[in-house]
Every structure is written in C-alpha cells, then in structure tokens.
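Participant: Structure of the sequence below:
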Amino acid sequence: MRLPTISDLIADLQHAKEIAIRNENASGLVLATMSQAKLLGLDKPITDVTSSSTTTEPDYSLLSDDELRQLMTITEKAQQGSSSAKPTIIRLVAPDMDDNGKVIK
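Facilitator: Okay, here's the model as predicted:
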C-alpha cells in the first residue's frame, strides 16, 4: 500500500467539496476548502522579511583581520550601489491545479 500524494489528497478533498455543494452542506464545504488550503500551505501568515523591528549587532570580535577587511570592502561596495539597489522580494505561491485537483505542470 502506498501513501497518498498531495495531489491525491487534494483530489479527494475536491470530491468532498462537490458532495458538500450537492448536499448544500456549507460546513462540509468550508472544512474541505480549509483542508485543501492547509495541505498547500496557504494557512500560514505571510511574513515580511524586508523589515525587522529587532536587530542584533554582530560580534565582529570573532573575525580575523583579513575577514574584517573583506567585510569592510563588501560593505563599502554595497553602500556605493545602495542608491539604486532594491530589496529582493520572494513570494511563495501554491501550484496551479486543474478541476480534478491535480497539479498543472
């Protein structure tokens, strides 16, 4: 016996949603929809990693003189180019699914 895949589980939940709609079972529909969202990771809050209210100072005493020089060079280059630099924003999205709950590649 093999374990079900995410696609199998999504398809089963899609079938449960169809049954809930046919039977006018709103709570069953909501439960199946929320279960799909949870399986796909859509129930997690979106975290903004571009800003942080808590910053800690790094311990530079652990770096060698050569590492400190390299860090200073990198920092200077970053500061010179910072006027046009923009932060990288990464957004995680769920895969596209067909009507049967299968992942579209």
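
Participant: average pLDDT for stretch 74-92?
Facilitator: In this model, stretch 74-92 has an average pLDDT of 72.

Participant: who touches Ala16 in this structure?
Facilitator: Going by C-beta atoms under 8 Å, 6 or more residues apart in numbering, Ala16 touches Gly28, Ala32. C-beta: built from backbone N, CA, C; applies to glycine.

Participant: can you confirm it is in a helix?
Facilitator: Yes. The assignment for Ala16 by DSSP: H, G, I helix; E, B strand; the rest coil puts it in a helix.

Participant: any idea how far Gln70 is from it?
Facilitator: 57 Å (C-beta to C-beta, to the nearest Å).

Participant: Okay, and the residue nearest the centre of the chain sits in which element?
Facilitator: Ranked by distance to the mean C-alpha position of the chain (C-alpha atoms, centre = their mean), the top residue is Leu92 at 3.8 Å. Assigned by DSSP states H and E, Leu92 falls within no helix or strand.

Participant: so where is this protein shaky, pLDDT-wise?
Facilitator: Flagging of the chain using pLDDT under 70 yields the residue ranges 49-55, 81-86.

Participant: I'd like to know how many residues surround Gln14.
Facilitator: 18 (other C-beta atoms under 10 Å).

Participant: Let me fix that, I meant to ask about Glu67.
Facilitator: 11.

Participant: where's it relative to Pro58, distance?
Facilitator: Relative to Pro58, and taking C-beta to C-beta, Glu67 is found at 12 Å.

Participant: do you know how far the residue in the chain sticking out farthest from the centre is from Thr75?
Facilitator: The outermost residue of the chain relative to its centre, with distances by C-alpha atoms, centre = their mean, is Asp65 at 38.4 Å. Here Asp65 is placed at a distance of 16 Å from Thr75 (C-beta to C-beta).

Participant: Check Ala11 too.
Facilitator: Per C-beta to C-beta, Ala11 is found 52 Å from Thr75.
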